[in-house]
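Chemist: using only what follows, build the 3D model:
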Amino acid sequence: AGRAEQARSLVGHARDRRTGAMAGAGRVDLSEPDFSGYLTKRSKWLKEWRRRYFVLKGNRLYFLKTPESAPHGEIDLKDCLTVKSAEDKTNMRNCFEVATPQEVFFLCAASEKEKDEWIGAIGRAIVRFSSAYHDDGYDD
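Modeler: Residues are numbered from 1 along each chain as shown. From the prediction side, this is the model:
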């Protein structure tokens, strides 16, 4: 199999149930992303805000500690319900939420312009890949 095929086959990897870590995450091909940049993300358990590098590629939004590091988390946009402003929920400027059936992710951008760009890019990915928007039984 060619490199492109190998990269595509590695995108759909499983999480370790105990740690939440992604199996094979270091091998995900994040070249030529649809959108990328730094956002501040609220941590799941401690609710602390941490700066992370995000990469939107296809129907997945990956988060990394730095652009050079391996992803340590992802949001599958195929199952995403909404992406919308969340300043009222977080009491922080330029924040938005990405909601899946399992979890709501709170993210903050550096500016309102950046927030709007992220919401637009994620929203387009949701429409392109969401199972809720496809009644023909297959993704793009």
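
Chemist: need the residues that contact stretch 39-52.
Modeler: Stretch 39-52 is contacted by residues 38, 54, 63-65, 90, 92, 103, 105-109, 118 when judged by C-beta atoms under 8 Å, 6 or more residues apart in numbering. Yep, even glycine has a C-beta here, placed from its N, CA and C like the rest.

Chemist: which ones are touching the residue nearest in space to the middle of the chain?
Modeler: Compute the mean C-alpha point of the chain, and by C-alpha atoms, centre = their mean the closest residue is L61, 2.2 Å away. Going by C-beta under 8 Å, 6+ apart, L61 touches 54-55, 74-75, 77, 98, 122, 125.

Chemist: doesn't E68 belong to a helix?
Modeler: No: assessed with DSSP: H, G, I helix; E, B strand; the rest coil, E68 is coil; it does not lie in a helix.

Chemist: give me the phi and psi for it.
Modeler: phi -90, psi -20 (degrees, to the nearest 10).

Chemist: I figured K78 hits F129, correct?
Modeler: Yes: under the criterion of C-beta atoms under 8 Å, K78 makes contact with F129 at 5.0 Å.

Chemist: for C95, see how far away K78 is.
Modeler: 24 Å (C-beta to C-beta, to the nearest Å).
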